[in-house]
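> Quick one: sequence and predicted model below, then my questions.
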Amino acid sequence: MKKLAIALVALLSLAGSAQAQTTKDLLAALLAKWNKPTEPFKIVDNVYYVGTDGLASYLITSPQGHILVDTVMPESTSQIKASIEKLGFKVTDIKYLLNTHAHIDHTGGLAELKQASGAQMVAGEADKPLLEGGYYPGAKEDTALQFPPVKVDRTVREGDTVTVGNVTLTARETPGHSPGCTSWAFNVKDGDATRSVLIFCSGTVALNRLVPNPTYPGIVTDYRKTFARAQDMKVDILLAPHPEMYKMQEKRAKIADGAPNPFVNPGEFNSYAATLEKAFEDALAKQTAAAQEKKG
């Protein structure tokens, strides 16, 4: 059950075969990990992990209120609430709910938490119809990928900001994985140092079709735009929607008083993005070859 997000990419090749399991079957294989509880903890400064063992959710706090980035599967939303309270914070103090991308494993609890907190819902402009419709791009009728719809109060584009108290997050457009895939950048204090944090949306192909009938128009151009942008981004601390994307558990185990913060790893994001770019180009080549073979 390790590296589930990466496994989901591999499952794409099965999805088109005659012997393939349904999307529902594939997701069922992941749910045990995705819904497994884990203890919430402080990552750095005012940033806390409040997700499950397999899906990330981040609470960024301030005296004036909090920001929650992403949720988990619908059935595990109660775990986020419990984790926030266990850390000594209140769900009702959340002022903004931010989303990286409109897929069920990161949006499942948004509607419930919006109602519980009264927070404003913020997401990438191109993901708004997906969030309000509760469906995966290009798979509107696939009930296995549907999630509770949530009203989006505000959409963002590149460089737009969300601020609560002394906390400001900046939207970085990183489309491809979803049309409005949005990464969130901000700074934190790490002792006497200031560190740049990026909650990276994603760059995996996963269940996306690239050719000849793409999940959405322009998807290939979007992925390449994201990888080009990633080359110039300077990130000290990489966070992401799936914990294994940045070796969360391994780093968490190294946290110790007086020791350097294990989540500080300049260059990790750029290296990770480079591996995603190669995987994307490989997937594009395979999908193109398969389409040509089918056509021939």
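Looks like it came in fine. Numbers count the residues shown, from 1 in each chain.
> Only C-alpha atoms from now on, for both contacts and neighbour counts.
OK.
> Can you get me a residue count around residue 232?
9 (other Cα atoms under 10 Å).
> who touches the strand ranked longest in the chain?
When the chain is parsed with DSSP state E, its longest strand is strand 182-190. For strand 182-190, contacts defined as Cα atoms under 8 Å, 6 or more residues apart in numbering pick out 44-46, 99-101, 123-124, 167-175, 194-201, 261.
> following that strand, which helix or strand comes up?
Using DSSP states H and E, the helix or strand that follows strand 182-190 in sequence is strand 193-199.
> Tell me how far the closest residue to residue 65 other than its chain neighbours lies from residue 125.
Counting by Cα to Cα, 6 or more residues apart in numbering, the nearest residue to residue 65 once its immediate chain neighbours are dropped is residue 93, at 5.1 Å. Using Cα to Cα, to the nearest Å, residue 93 is found at 25 Å from residue 125.
> ditto for residue 276
Following Cα to Cα, the distance that separates residue 276 from residue 125 is 24 Å.
> got it, and residue 102?
Separation of residue 102 from residue 125 (Cα to Cα): 11 Å.
> likewise residue 30?
From residue 30 over to residue 125 (counting by Cα to Cα), the distance is 29 Å.
> pretty sure the residue nearest to residue 65 is touching residue 117, no?
Yes. At 6.8 Å, residue 93 counts as touching residue 117 under the criterion of Cα atoms under 8 Å.
> The longest strand of the chain to strand 193-199, inter-axis angle?
Angle, strand 182-190 to strand 193-199, by axes from the mean of the first three to the mean of the last three Cα atoms, to 10 degrees: 160 degrees.
> How far away from the center of its chain is strand 182-190?
Relative to its chain's centre, strand 182-190 lies at 14 Å (Cα atoms, centre = their mean, to the nearest Å).
> in this protein, what secondary structure element scores lowest on mean pLDDT?
helix 4-15 (a mean of 38; mean pLDDT, DSSP states H and E).
> Residue 135 against residue 147, yeah?
Yes. At 6.4 Å, residue 135 and residue 147 qualify as touching, with contact defined as Cα under 8 Å.
> Spit out the residues that contact these two alike.
Contacts common to residue 135 and residue 147, judged by Cα under 8 Å, 6+ apart, are residue 104.
> Paired strands for the longest strand of the chain, with orientation please.
Applying DSSP bridges, strand 182-190 is found paired with strand 167-173 (antiparallel), strand 193-199 (antiparallel).
> Need the winner for burial among these.
Counting by mean count of other Cα atoms under 10 Å, strand 167-173 has the highest mean neighbour count of the strands paired with strand 182-190, with a mean of 22.
> How far does that one sit from its chain's centre?
14 Å.
> residue ranges of the strands in the chain, please?
41-44, 47-49, 58-60, 66-69, 94-98, 120-124, 154-156, 161-164, 167-173, 182-190, 193-199, 237-239.
> Output the ones you listed in JSON lines; the columns should cover mean pLDDT and distance to residue 80.
JSON lines is the format used below for these (pLDDT from 0 to 100; distance: least, Cα to Cα, whole Å):
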{"stretch": "strand 41-44", "mean pLDDT": "98", "distance to residue 80": "12"}
{"stretch": "strand 47-49", "mean pLDDT": "98", "distance to residue 80": "9"}
{"stretch": "strand 58-60", "mean pLDDT": "99", "distance to residue 80": "9"}
{"stretch": "strand 66-69", "mean pLDDT": "98", "distance to residue 80": "10"}
{"stretch": "strand 94-98", "mean pLDDT": "98", "distance to residue 80": "12"}
{"stretch": "strand 120-124", "mean pLDDT": "98", "distance to residue 80": "17"}
{"stretch": "strand 154-156", "mean pLDDT": "98", "distance to residue 80": "23"}
{"stretch": "strand 161-164", "mean pLDDT": "98", "distance to residue 80": "20"}
{"stretch": "strand 167-173", "mean pLDDT": "98", "distance to residue 80": "21"}
{"stretch": "strand 182-190", "mean pLDDT": "98", "distance to residue 80": "20"}
{"stretch": "strand 193-199", "mean pLDDT": "98", "distance to residue 80": "18"}
{"stretch": "strand 237-239", "mean pLDDT": "98", "distance to residue 80": "17"}
